[in-house]
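S.K.: pasting the structure only:
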């Protein structure tokens, strides 16, 4: 086999436009897992993915679950060589607010080097790089330098319960591998590849405040009955100290793993421009927990944020009602040593304590994820970093990220193999926001990077 991958890289150059058209077809399927109205589309998306992977030369199985199918695929013809397990997800976030999109969210649109559409980078485009790298190698050579397995899910955006159960029940038998490779993260900056060694966990809660048995006229009943929307605002206002940015939930910081000195030093070396960061976001200044830099807060300190508020009249014009019910969805991003269940319990106890007595409060735990730190040492990690440097022209930096991928901690615990978070997105890809995008050049370079990882891991095993 070609040591430098020139044969496969040349095929990618010939076929890349076709890969892009296939990605567009993938993105066109509105696989929104959070909304039951899209259930049939999620299933259709899983079928599209399975068919595409089979056409790529993989043996594919759709694994039924209580919710959305898992897609398992493999090619295991490289006897005696390492096995890489690739993970990704085919479900996407809702598109709201739809009026802020420049194009139809599920009609992927090219804007120069950008492909704009829901799911382009999170995670359809990035997961597709794995499939296309394997396809290009098999079509060019008829074999792979290593064994590969794939596990793709349709519930990542709603907590990943099905894949969690599958991985634990499998206990490393079918999924047995030498490393897991995941591309559901971002590079630090354009031209600067990254290898992630830390992800935040998540405790995602919903608070519902109920008052009278119906909406009331705000003139006739205002001042006589507690307004649930007002009560909800009171509760939310007591989650964060506005002066220090600290979370006020008692016990919230008890288990937080402090930043190591070397981490703070490495973060400080990174070329991060706070003014440019704020300007890109359209904010006057940055804020957060005092005593920490922006990178430290977003990557390695726990947070508490209101993700959505509802209650009362939401339409155009005025309707003077005192709503019977109001609610909020709240996410707490957690760092290593914090436990989502414990933090959820602390949140519940605190909200029940501070809630006004003349309303009823229901607290729901929607889903959670464990925080994780990853050891990025060993031959496969070195091969991955060398491949990144070859394709991108810069040595990858080690970074953490504020997002959560629920299954990562489970892979680390159950499989006990290195987890390599090799992302090809960028921080400005607008994940979970209108006008999500993926750089087309990054899609192509992602495919090239995975090809070089396959070859380099195969070579390291032969040496």
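M.R.: Nice, I can see it. What you are looking at is a predicted structure, and each value in this text was computed from that prediction instead of being measured. Numbering: from 1, shown residues only.
S.K.: low-confidence regions, the stretch 51-200 of the chain specifically.
M.R.: Under the criterion pLDDT under 70, no range of the stretch 51-200 of the chain is flagged.
S.K.: what about the helices in it?
M.R.: With helices called from DSSP state H, counting those that start in this stretch, the stretch 51-200 of the chain shows them at 124-141, 161-170.
S.K.: got those as CSV, with mean neighbour count columns?
M.R.: C-beta coordinates here come from the backbone N, C-alpha and C atoms, glycine included. Below are the helices of the stretch 51-200 of the chain laid out as CSV (neighbours: other C-beta atoms under 10 Å):
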stretch, mean neighbour count
helix 124-141, 24
helix 161-170, 17
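S.K.: same list (those helices) but as JSON lines, adding distance to residue 459.
M.R.: As requested, these are exported to JSON lines (distance: least, C-beta to C-beta, whole Å):
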{"stretch": "helix 124-141", "distance to residue 459": "14"}
{"stretch": "helix 161-170", "distance to residue 459": "29"}
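S.K.: so which of the ones you listed is nearest residue 376?
M.R.: helix 124-141 (18.5 Å; C-beta to C-beta).
S.K.: hmm, back to that, tell me which of the helices of the stretch 51-200 of the chain sits nearest to residue 60.
M.R.: Nearest to residue 60, of the helices of the stretch 51-200 of the chain and by C-beta to C-beta, is helix 124-141 at 10.5 Å.
S.K.: how far away from the center of its chain is the closest one?
M.R.: Offset of helix 124-141 from its chain centre (C-alpha atoms, centre = their mean, to the nearest Å): 21 Å.
S.K.: isn't residue 388 right up against residue 449?
M.R.: Yes: contact criterion C-beta atoms under 8 Å: residue 388 and residue 449 qualify, at 5.8 Å.
S.K.: for the host helix or strand of residue 342, packing partners?
M.R.: Per DSSP states H and E, residue 342 falls inside helix 340-354. Counting contacts by 3 or more C-beta pairs under 8 Å, 6 or more residues apart in numbering; DSSP states H and E, helix 340-354 packs against strand 201-210, helix 228-237, strand 325-334, strand 360-369.
S.K.: take these and lay them out in TSV including distance to residue 75 and mean pLDDT.
M.R.: Formatted as TSV, the helices and strands packed on helix 340-354 follow (distance: least, C-beta to C-beta, whole Å; pLDDT from 0 to 100):
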stretch	distance to residue 75	mean pLDDT
strand 201-210	33	97
helix 228-237	50	97
strand 325-334	36	98
strand 360-369	30	94
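S.K.: nearest to residue 165, of those?
M.R.: Closest approach to residue 165 among these (C-beta to C-beta): strand 360-369, 13.5 Å.
S.K.: give me the buried positions along that closest one.
M.R.: 361, 363, 366, 367, 368, 369 (16 or more other C-beta atoms under 10 Å).
S.K.: let me have the residues you listed in a markdown table, extended by distance to residue 61.
M.R.: What follows is the buried residues of strand 360-369, written out as a markdown table (distance: C-beta to C-beta, whole Å):
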| residue | distance to residue 61 |
| --- | --- |
| 361 | 45 |
| 363 | 39 |
| 366 | 30 |
| 367 | 26 |
| 368 | 29 |
| 369 | 26 |
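S.K.: and residue 449, how many residues sit next to it?
M.R.: If you count neighbours by other C-beta atoms under 10 Å, residue 449 ends up with 24.
S.K.: in contact with residue 236, which residues?
M.R.: Going by C-beta atoms under 8 Å, 6 or more residues apart in numbering, residue 236 touches 207, 306, 309, 328, 330.
S.K.: closest one of those residues to residue 322?
M.R.: Among the contacts of residue 236, residue 309 lies closest to residue 322 (C-beta to C-beta), at 16.2 Å.
S.K.: now the closest one: which helix or strand?
M.R.: Using DSSP H and E, residue 309 maps to strand 303-311.
S.K.: packing partners of that strand?
M.R.: On a contact count with 3+ C-beta pairs under 8 Å, 6+ apart, strand 303-311 meets helix 228-237, strand 325-334.
S.K.: how does it look with 10 Å?
M.R.: Counting contacts by 3 or more C-beta pairs under 10 Å, 6 or more residues apart in numbering; DSSP states H and E, strand 303-311 packs against strand 201-210, helix 228-237, strand 325-334.
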